[in-house]
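Trainee: Give the three-dimensional model of this entry:
(one chain, ligands or ions: 2)
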Amino acid sequence: MKELISIIDVPKHVGETVKIGAWVANKSGKGKIAFLQLRDGTAFFQAVAFKPNFIEKFGEEEGLEKFDIIKHLTQETSVIVTGTVKEDERSKFGYELDLTDIEVVGESNEYPITPKEHGTDFLMDNRHLWLRSSKQQAIMQVRNALTYATYEFFQQNGFIKFDSPILSGNAAENTTDLFETDYFGNPAYLSQSGQLYLEAGAMAFGRVFDFGPVFRAEKSKTRRHLTEFWMMDAEYTFFTHDESLDLQEAYIKHLIKYVLDNASYALETLERDTSLLEKYVNEPFKRVSYDDAIDLLQEHESDDDTDYEHLEHGDDFGSPHETWISNYYGVPTFIMNYPSSFKAFYMKPVPGNPERVLCADLLAPEGYGEIVGGSERETDYDVLTQKIIDFGLDPKDYDWYLDLRKYGSVPHAGFGLGLERMVTFVAGTAHIREAIPFPRMLHRIKP
Ligand code: 4AD
Ligand code: MG
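Mentor: Ligands and ions are numbered 1, 2, ... in the order given. The predicted structure follows:
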């Protein structure tokens, strides 16, 4: 229907008569006047119907009939509205439609998600409908912008898209949260990360990235974990660890800036503090080693305004520690060189300190936690084989991966970004379940 315009394009049509295909999100008014809150997926705005105008245009009988239809429209009825676009400073959108005609396309009776408050379980059961609400729409627009900006950044920086498989014969990260399935009589696993395949891609093409769903049988119920989520993995050769962090920082800044520039309406709907996002684009990220971070936590643990548990060198951070550290610096913070014991087998040790590995997690401020995990990879065939054995894995399963160290092994590094963690952070939403259209979590696979 080419003659229809989108609500987001309404500002280009001030003073014109336009037609819009939309749904009725809400309705109010009394007597001679009716207000319709319309949504079409691009934005929400208001249409105003004035009874005398309808009578003037269509005559007494038809005019009253049309106005009556408008007054009795129910939530989520789909309509094609015709009207004149007016600027209106009072409305959040800045524009309004002076309604001159309406056609009902599809009726909607007893729509379950009313404008009143609903509990989370109810909303999750109705996720297929909940997606229509303004907040969910804004979050999906942030997600879409982040996806677009990811492709843009990597294409601009000499990377090629290299698709890693979802079904795999070996574990990429660990064996504790693998989803296993039967593959014609043999076990196969759903990918936890495309990284190992991307390393093969990097040896073939220099710089590669993938972007797709990954799976982890996370048994924990937290506001940061999904069992199916989207990961962007990037892998690149001849990069030092510092250069790798520079690339990650540039990527994250590119993402935030793209959303600020291209999804400002969504950020406004979400009431996101954009001055903070601007700060993350303009100020350098902080880089601190794991051991320095532990010292810092110990130094501040008896401060009045801290409440996290005491940690020793060698302990892993909990989310209160991560939140405190990133808020302390006020910008996204790389925690570098973690103990090798709680990281994956493929990471290269810090020179002169085999207990620590050349890796970094990027912690988002404001309590959003880890958004990126990356490292420099082990390049030596024998060292890597031994690491695989030490981690309780079978080198036979990794023969192809070890081959990459046999034929022209070079320094290389890479990282993975969790898209939903990034969406949660940029959109400023409390829970990761709202960052993906149909979240998969412990005990939740429907709808
Ligand atoms: O830190 P992770 O486990 O790193 C890897 O998988 C590497 N192989 C990536 C690489 O180097 N190519 O996961 C990367 C990111 C995390 O920083 C986090 O943002 C996200 O993926 N993530 C999750 N997001 C949602 N739900 C979960 N259960 C997640 N687990 C990790
Ligand atoms: Mg990680």
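Trainee: For Thr114, list the residues it contacts.
Mentor: When contacts are counted by CB atoms under 8 Å, 6 or more residues apart in numbering, Thr114 touches Gln75. C-beta coordinates here come from the backbone N, C-alpha and C atoms, glycine included.
Trainee: And for Lys387?
Mentor: 345-346, 378.
Trainee: how much space between it and ligand 1?
Mentor: Here Lys387 is placed at a distance of 15 Å from ligand 1 (CB to the nearest ligand atom, to the nearest Å).
Trainee: Check Gln298 too.
Mentor: Counting by CB to the nearest ligand atom - Gln298 and ligand 1 are separated by 25 Å.
Trainee: Next SSE downstream of the host helix or strand of that residue?
Mentor: Gln298 belongs to helix 290-300 when assigned by DSSP states H and E. Remark: after helix 290-300, the chain's next helix or strand is helix 319-329, criterion DSSP H and E.
Trainee: Which strands or helices does that next one pack on?
Mentor: Taking 3 or more CB pairs under 8 Å, 6 or more residues apart in numbering; DSSP states H and E as contact, the helices and strands that helix 319-329 lies on are strand 286-289, helix 290-300, strand 333-336, strand 359-364, strand 369-376.
Trainee: ok, and does it reach over to ligand 1?
Mentor: No: applying CB under 6 Å from any ligand atom, one finds helix 319-329 separated from ligand 1 by no less than 11.3 Å.
Trainee: sorry, back to before: which of the contacts of Lys387 are close to ligand 1?
Mentor: Under the cut-off given by CB under 6 Å from any ligand atom, ligand 1 has nothing from the contacts of Lys387 close to it.
Trainee: average pLDDT across the helix holding Gln298?
Mentor: Helix 290-300 comes out with an average pLDDT of 98.
Trainee: who does that helix touch, helix- and strand-wise?
Mentor: Helix 290-300 packs on helix 319-329, strand 333-336, going by 3+ CB pairs under 8 Å, 6+ apart.
Trainee: Ala234 is nearest to which of the ones you listed?
Mentor: strand 333-336 (15.4 Å; CB to CB).
Trainee: Within its sheet, name the partner strands of that closest one and how each one runs.
Mentor: Applying DSSP bridges to the sheet, strand 333-336 is found paired with strand 286-289 (parallel), strand 359-364 (antiparallel).
Trainee: of all those, which lies closest to ligand 1?
Mentor: Checking the strands paired with strand 333-336 against ligand 1 by CB to the nearest ligand atom gives strand 359-364 as the closest, at 6.3 Å.
Trainee: Enumerate every residue touching Leu226.
Mentor: Applying CB under 8 Å, 6+ apart to Leu226 gives the contacts 218, 420, 432-433, 436, 439-441.
Trainee: how far away is it from Arg207?
Mentor: Applying CB to CB, to the nearest Å, the value for Leu226 to Arg207 is 28 Å.
Trainee: just Tyr251 next, same as before
Mentor: With the distance defined as CB to CB, Tyr251 ends up 12 Å from Arg207.
Trainee: shared neighbours of the two, which are they?
Mentor: In contact with both Tyr251 and Arg207: 154, 234, using CB under 8 Å, 6+ apart.
Trainee: can you list the strands paired with strand 333-336 in TSV and add mean neighbour count and distance to Thr176?
Mentor: Converted to TSV, these look like this (neighbours: other CB atoms under 10 Å; distance: least, CB to CB, whole Å):
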stretch	mean neighbour count	distance to Thr176
strand 286-289	17	26
strand 359-364	26	18
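Trainee: Select, out of the ones you listed, the one closest to His321.
Mentor: The nearest among the strands paired with strand 333-336, by CB to CB, is strand 359-364 at 9.6 Å.
Trainee: What lies in contact with the closest one?
Mentor: Contact with strand 359-364 is made by 241, 245, 248, 252, 285, 287, 322, 325-326, 332-338, 343, 347, 369-376, 415, 421, 425, as judged by CB under 8 Å, 6+ apart.
Trainee: Farthest from the middle of the chain: give me that residue.
Mentor: In the chain, counting by CA atoms, centre = their mean, Glu60 sits farthest out from the average C-alpha position, at 52.4 Å.
Trainee: can you count the residues close to Glu378?
Mentor: 21 (other CB atoms under 10 Å).
Trainee: Just the closest residue of the stretch 251-400 of the chain to ligand 1, please.
Mentor: Counting by CB to the nearest ligand atom, the stretch 251-400 of the chain gets nearest ligand 1 through Gly373, at 2.4 Å.
Trainee: count of neighbours near that residue?
Mentor: 21.
Trainee: which strand residues sit across from the closest residue to it other than its chain neighbours in the sheet?
Mentor: Using CB to CB, 6 or more residues apart in numbering and skipping the chain neighbours, the partner closest in space to Gly373 is Asp361 (5.2 Å). Beta bridges link Asp361 to Ile335, Gly373, judged by DSSP bridges.
Trainee: got a pLDDT number for Asp361?
Mentor: Asp361 is assigned 98 on the pLDDT scale.
Trainee: next one: the one 5 residues further on
Mentor: Here the pLDDT value assigned to Glu366 is 96.
Trainee: can you pull out the helices in this structure?
Mentor: 51-71, 120-125, 127-130, 134-156, 195-205, 241-262, 264-269, 274-282, 290-300, 319-329, 381-390, 399-403, 419-427 (DSSP state H).
Trainee: Would you mind finding the most buried of those helices?
Mentor: Compared across the helices of the chain, helix 419-427 shows the largest average neighbour count, a mean of 26 (mean count of other CB atoms under 10 Å).
Trainee: what about that one, near ligand 1?
Mentor: Yes: using CB under 6 Å from any ligand atom, we find that helix 419-427 touches ligand 1 at 420-421.
Trainee: Against which helices or strands is that helix packed?
Mentor: Short answer (3+ CB pairs under 8 Å, 6+ apart): helix 419-427 packs on helix 134-156, strand 228-237, helix 241-262, strand 369-376.
Trainee: thinking again about what came up before, redo the contacts of Leu226 as JSON lines? Include pLDDT.
Mentor: Shown next, in JSON lines, are the contacts of Leu226 (pLDDT from 0 to 100):
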{"residue": "Glu218", "pLDDT": "88"}
{"residue": "Glu420", "pLDDT": "98"}
{"residue": "Ile432", "pLDDT": "97"}
{"residue": "Arg433", "pLDDT": "97"}
{"residue": "Ile436", "pLDDT": "98"}
{"residue": "Pro439", "pLDDT": "98"}
{"residue": "Arg440", "pLDDT": "97"}
{"residue": "Met441", "pLDDT": "95"}
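Trainee: Just the buried ones out of those, please.
Mentor: Burial by neighbour count, judged by 16 or more other CB atoms under 10 Å, picks out 218, 420, 432-433, 436, 439-441 from those.
Trainee: Let me have the contacts of Leu226 in JSON lines, extended by distance to Val85.
Mentor: As requested, the contacts of Leu226 are exported to JSON lines (distance: CB to CB, whole Å):
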{"residue": "Glu218", "distance to Val85": "48"}
{"residue": "Glu420", "distance to Val85": "36"}
{"residue": "Ile432", "distance to Val85": "38"}
{"residue": "Arg433", "distance to Val85": "37"}
{"residue": "Ile436", "distance to Val85": "34"}
{"residue": "Pro439", "distance to Val85": "37"}
{"residue": "Arg440", "distance to Val85": "41"}
{"residue": "Met441", "distance to Val85": "42"}
